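This is the structure alone, sequence omitted:
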C-alpha cells in the first residue's frame, strides 16, 4: 500500500479527494510522524503552502523544519510534490541526491505573478508610488511637462526567464503595445517574445531595455545577473522588476541605481535576505514598491497547485513521467 505524507491541514482539506483519486492510498501527517519514534514509512509526500508559507529562506518556521525532519527520516520516499515553481532549497537537492523525484507547481502561479508584474509596470510607469508619497505629504504635485509619464506603447521589456511566468508576462505586455525580448538558457525562439536570446547575450540588449524583468530560477547562469554593469548599460530612467529570486540581483547595486536615478523605479518581491532588513534603504525609497514574496498569492492558487498534484498522482500511479520533474529541467 502506498502511503502519502502531508500536513494535517492538507489532509483535512483534500484527503477525501485524494483518496478518491487513488483508492487504497493511506495517509500519515507530518505532525504524527514527527511525534513518533523511528523512521517514517511514507512513499510519497505533498509539501503544501501552509507548511512553508510563513517561512523565508533565512527564517524557517517550526512547521517547515518539522516537515523537513520527517522527509529526512523517510527512507523509502520516492517522490515529493512541492508548491513553489522553483526548487532551490537545499532539502530538495539532498532528496534528489537520494534518488527522490522532486516536482514543482510550475504553471500554477504563472497568471498571478504575471498580473502582479503587469500591475507594477503600469503603477511605476504612471508614477503611482510618487503620487502616493505626495499624498502622504499632503503635497499637490501634478506630473506635468518632463515629469509626465512616458507612453508604454513602444517601450521595450527584457524578460529574463521564459517559463510559464515569463511567457505570460510577455503576452500581457504585448497587449500594451510594448516590445519584448526574452532571455533563457538558449536563443531558441519563444512566442510571444519579439526576440529571444541566451542569458550570455543579455548585455547586448540592455541598451534597449526600458524595463528589466526577472522571473527566472536562481542558477549558476542567473545569480547576480542584475548588477551594476547591467544597470549602467540600460537607458537612464529604466524600470526594474524582480519576481524571481533575491540571489538573481545584487541588492546593493539595485539600491545604488535607484538612489542615483539611473533606475526610475522598481517592484521587488524577493530579496537577498528575507524578511528584508528593517534598516534597508529600500523601505524608504519613494519610487519603490516592496512585496513580501507574495507576487504569486491569490485565493485560487492553492486549488491550482492541488490540481497539479492530482495530475502527478495519476501519473505516479500509472508509472508515467511526472510533470515539472526538477531533474528534467536541470
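Noted; the coordinates are in hand. Note that this is a predicted model, so its numbers are computed, not measured.

so where's the stretch 201-330 of the chain shaky on pLDDT?
The stretch 201-330 of the chain contains residues with pLDDT under 70 at 329-330.

And the strands in it, which stretches?
211-214, 238-242, 263-268, 288-290 (DSSP state E, counting those that start in this stretch).

could the ones you listed be laid out in JSON lines, adding mean neighbour count and distance to residue 144?
Bear in mind the C-beta positions are built from the backbone N, C-alpha and C, glycine included. Listed next are these as JSON lines, based on neighbours: other Cβ atoms under 10 Å; distance: least, Cβ to Cβ, whole Å:
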{"stretch": "strand 211-214", "mean neighbour count": "27", "distance to residue 144": "24"}
{"stretch": "strand 238-242", "mean neighbour count": "25", "distance to residue 144": "21"}
{"stretch": "strand 263-268", "mean neighbour count": "24", "distance to residue 144": "17"}
{"stretch": "strand 288-290", "mean neighbour count": "18", "distance to residue 144": "23"}
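
Now distance to residue 276 too, for the ones you listed, in CSV please.
Output for the strands of the stretch 201-330 of the chain, formatted as CSV (distance: least, Cβ to Cβ, whole Å):
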stretch, distance to residue 276
strand 211-214, 17
strand 238-242, 12
strand 263-268, 8
strand 288-290, 7
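
Show me the one of those that comes nearest residue 319.
Across those, residue 319 has its closest neighbour in strand 211-214 (37.3 Å, Cβ to Cβ).

now the closest one, how far from the chain's geometric center?
Computed by Cα atoms, centre = their mean, to the nearest Å, the chain-centroid distance of strand 211-214 equals 14 Å.

by contact count, what packs against that strand?
Counting contacts by 3 or more Cβ pairs under 8 Å, 6 or more residues apart in numbering; DSSP states H and E, strand 211-214 is packed against strand 156-160, strand 238-242.

What strands line up against it, and which way round?
Strand 211-214 has these partner strands in its sheet, going by DSSP bridges: strand 156-160 (parallel), strand 238-242 (parallel).

is it possible to export those strands to CSV including distance to residue 47?
Output for the strands paired with strand 211-214, formatted as CSV (distance: least, Cβ to Cβ, whole Å):
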stretch, distance to residue 47
strand 156-160, 27
strand 238-242, 24
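
And the helices in the stretch 151-300 of the chain, which stretches?
Secondary structure of the stretch 151-300 of the chain, counting by DSSP state H, counting those that start in this stretch: helices at 164-175, 202-205, 228-233, 251-260.

TSV please, covering the ones you listed and showing distance to residue 294 and mean neighbour count.
Formatted as TSV, these follow (distance: least, Cβ to Cβ, whole Å; neighbours: other Cβ atoms under 10 Å):
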stretch	distance to residue 294	mean neighbour count
helix 164-175	14	22
helix 202-205	27	15
helix 228-233	25	16
helix 251-260	18	17
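
Those helices: which one's closest to residue 217?
Short answer: helix 164-175, nearest of these by Cβ to Cβ, at 10.4 Å.

average model confidence for the closest one?
The pLDDT scores in helix 164-175 average 98.

From the contact counts, what lies against it?
helix 110-125, strand 156-160, strand 179-184.

Figure out which of those is closest to residue 168.
helix 110-125 (3.6 Å).

Could you list the buried residues of the next helix-or-strand element following that closest one?
Counting by DSSP states H and E, the next helix or strand C-terminal to helix 110-125 is helix 128-136. Judged by neighbour count using 16 or more other Cβ atoms under 10 Å, the buried positions of helix 128-136 are 128-130, 134.

Turn those residues into JSON lines, columns for distance to residue 13.
Formatted as JSON lines, the buried residues of helix 128-136 follow (distance: Cβ to Cβ, whole Å):
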{"residue": "128", "distance to residue 13": "36"}
{"residue": "129", "distance to residue 13": "37"}
{"residue": "130", "distance to residue 13": "42"}
{"residue": "134", "distance to residue 13": "44"}
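
Fine by me, we can end here.
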